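K.L.:
What follows is a predicted structure for the sequence shown.
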Amino acid sequence: MGRLGMLMPGRRFAAIAIAAFGVVGCADALGFQDLNGSALGDASPGASSDPGVSDASAPDADARDARDAASDARVPVITEIALPASDAAPVRMTAGPDGNVWFTESHANAIGKITPQGVVTEYPIPTPNAQPSAITAGADGKLWFTESSAGKIGTVTTAGAFTELPIPSNVVTAGFGALAGIAWGSDGNVWFTMTLGAHPIASVTPSGSFTPYPYPDGGVQASPFGIVSGSDGNLWVAEDDAVVRFTTSGSGTSFKAGAGTTELSQLTVGADGNVWFAAQDRIGKMTSSGVVTTYPTPSIAGAPNGITPGPNGTLWFTEAQGNRVGRVTQSGEVTEFDVPTSDAEPTAIAMGSDGTLWFTEAKVGKIGHIVP
């Protein structure tokens, strides 16, 4: 689908939604909103249960508890939107600055976006067979992504105009296929990880200047994957069994992810300011000082992969092998929901501008949508 040296117009097509319901494993308190932004189930303002309070705007505690209980029992609605090619292989995604969610299509060699209404537009990457993978929204209003096969970092505007930056050979020393994660740093640069080579982490300025950085222990055993910019201004990188904190000057400190915690994949920052990560059979969170807490998932072989903040302080994640999406509260209550299409391989997940969730189904060429 890619075209060398020229920008191809985005292709729009109508979304095909397949309604389905998730299956609840356990419940947690979660608020919901209608299309006008009002909380669903809200009663009309009334008098407080305290006889000494007559303010009509004061919420009734009993009514609030009842609403919370109703939210606990509510099952999210999951729909799926088919991409033009079933083998497009949508992999990673991120919320864009335009209110849409953007994603990479590894096999289709394109960057896609989906509106809150479910309308998809695809933008073919100029370099053929670039194998786009990780993607992030930049502070410059562009989307930045990795091109694993082409050995480039790409950018695309919200109008679909591409720029591709070749990665110097002194930065990637073990093959371009090792490109893994990407994130915008608090220093104004874009940072990315590589699973192999002498420099597992590097940054690139908006003007295209690359800088590799040394890794703790010399990077001999490094296998970094996901990367996120933390609330503390540092970069946080997922290792196989650890999380590495990097300052924007490139100094790294490694923290173990907890006993028995392995195969870390993606990270995000929660409403609590902590870094949350997906691992083989659990979801974990880490404070800025490296203190870790993990929460087992009900499915021990689900293989959590993507993770994103959700509404009301929750975190949502995908299970690539378990074919489920899941929700975890700040207190660690985990609920799982089945994906309608079997063996879909849900991979990445992001929250849209309307508070709903979107996720990629890499194996079947679909984008999933969750109304929580």
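P.N.:
Arrived safely.

K.L.:
now the helices for the stretch 51-200 of the chain?
P.N.:
In the stretch 51-200 of the chain, the segments counted as helices under DSSP state H, counting those that start in this stretch are 61-73.

K.L.:
now the strands for it?
P.N.:
77-82, 90-95, 101-105, 110-114, 120-124, 132-137, 143-147, 152-156, 162-166, 179-184, 190-194 (DSSP state E, counting those that start in this stretch).

K.L.:
Out of those, which gets nearest to residue 342?
P.N.:
Ranking the strands of the stretch 51-200 of the chain by proximity to residue 342 (C-beta to C-beta) places strand 77-82 first, at 11.7 Å. C-beta coordinates here come from the backbone N, C-alpha and C atoms, glycine included.

K.L.:
So what's the gap between that closest one and the chain middle?
P.N.:
Averaging C-alpha positions (C-alpha atoms, centre = their mean, to the nearest Å) puts strand 77-82 17 Å from its chain's average.

K.L.:
Quick one: work out the angle between it and strand 120-124.
P.N.:
Going by axes from the mean of the first three to the mean of the last three C-alpha atoms, to 10 degrees, strand 77-82 is angled at 40 degrees with respect to strand 120-124.

K.L.:
Reformat the strands of the stretch 51-200 of the chain into JSON lines and put distance to residue 274, mean neighbour count and mean pLDDT next to each item.
P.N.:
Output for the strands of the stretch 51-200 of the chain, formatted as JSON lines (distance: least, C-beta to C-beta, whole Å; neighbours: other C-beta atoms under 10 Å; pLDDT from 0 to 100):
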{"stretch": "strand 77-82", "distance to residue 274": "27", "mean neighbour count": "20", "mean pLDDT": "98"}
{"stretch": "strand 90-95", "distance to residue 274": "19", "mean neighbour count": "24", "mean pLDDT": "98"}
{"stretch": "strand 101-105", "distance to residue 274": "24", "mean neighbour count": "29", "mean pLDDT": "98"}
{"stretch": "strand 110-114", "distance to residue 274": "29", "mean neighbour count": "25", "mean pLDDT": "98"}
{"stretch": "strand 120-124", "distance to residue 274": "33", "mean neighbour count": "23", "mean pLDDT": "98"}
{"stretch": "strand 132-137", "distance to residue 274": "20", "mean neighbour count": "25", "mean pLDDT": "97"}
{"stretch": "strand 143-147", "distance to residue 274": "24", "mean neighbour count": "27", "mean pLDDT": "97"}
{"stretch": "strand 152-156", "distance to residue 274": "28", "mean neighbour count": "23", "mean pLDDT": "97"}
{"stretch": "strand 162-166", "distance to residue 274": "32", "mean neighbour count": "17", "mean pLDDT": "97"}
{"stretch": "strand 179-184", "distance to residue 274": "16", "mean neighbour count": "25", "mean pLDDT": "94"}
{"stretch": "strand 190-194", "distance to residue 274": "19", "mean neighbour count": "27", "mean pLDDT": "94"}
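
K.L.:
quick one: low-confidence parts of the chain?
P.N.:
1-73, 173-177, 196-198, 217-222 (pLDDT under 70).

K.L.:
Tell me which of the strands of the stretch 51-200 of the chain sits nearest to residue 207.
P.N.:
Comparing the strands of the stretch 51-200 of the chain by C-beta to C-beta, strand 162-166 comes nearest, at 9.3 Å.

K.L.:
what angle sits between that closest one and strand 190-194?
P.N.:
Using the same axes, to 10 degrees: strand 162-166 against strand 190-194 is 50 degrees.

K.L.:
Strand 162-166 pairs with which strands, and in what direction?
P.N.:
Strands that pair with strand 162-166, judged by DSSP bridges, come out as strand 152-156 (antiparallel).

K.L.:
which residues touch the strand it pairs with?
P.N.:
Residues outside strand 152-156 that contact it (C-beta atoms under 8 Å, 6 or more residues apart in numbering) are 111, 123, 125, 127, 130, 132, 138, 142-147, 162-167, 182, 190, 192, 204.

K.L.:
can you do 6 Å?
P.N.:
Under the contact criterion C-beta atoms under 6 Å, 6 or more residues apart in numbering, strand 152-156 has outside partners 111, 142, 143, 144, 145, 147, 162, 163, 164, 165, 166, 204.

K.L.:
would you put the C-alpha positions of it in PDB?
P.N.:
Extracted C-alpha coordinates of strand 152-156, given in PDB (Å, rounded to 0.1, in the frame of the first residue of the first chain):
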ATOM      1  CA  LYS A 152      13.400   5.300  10.100                       C
ATOM      2  CA  ILE A 153      11.500   7.400  12.500                       C
ATOM      3  CA  GLY A 154       8.400   8.800  10.800                       C
ATOM      4  CA  THR A 155       6.100  11.700  11.400                       C
ATOM      5  CA  VAL A 156       2.600  12.400  10.000                       C
END
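
K.L.:
on that earlier part again, in TSV, list the strands of the stretch 51-200 of the chain along with distance to residue 315.
P.N.:
Output for the strands of the stretch 51-200 of the chain, formatted as TSV (distance: least, C-beta to C-beta, whole Å):
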stretch	distance to residue 315
strand 77-82	17
strand 90-95	15
strand 101-105	17
strand 110-114	21
strand 120-124	26
strand 132-137	18
strand 143-147	23
strand 152-156	28
strand 162-166	32
strand 179-184	17
strand 190-194	21
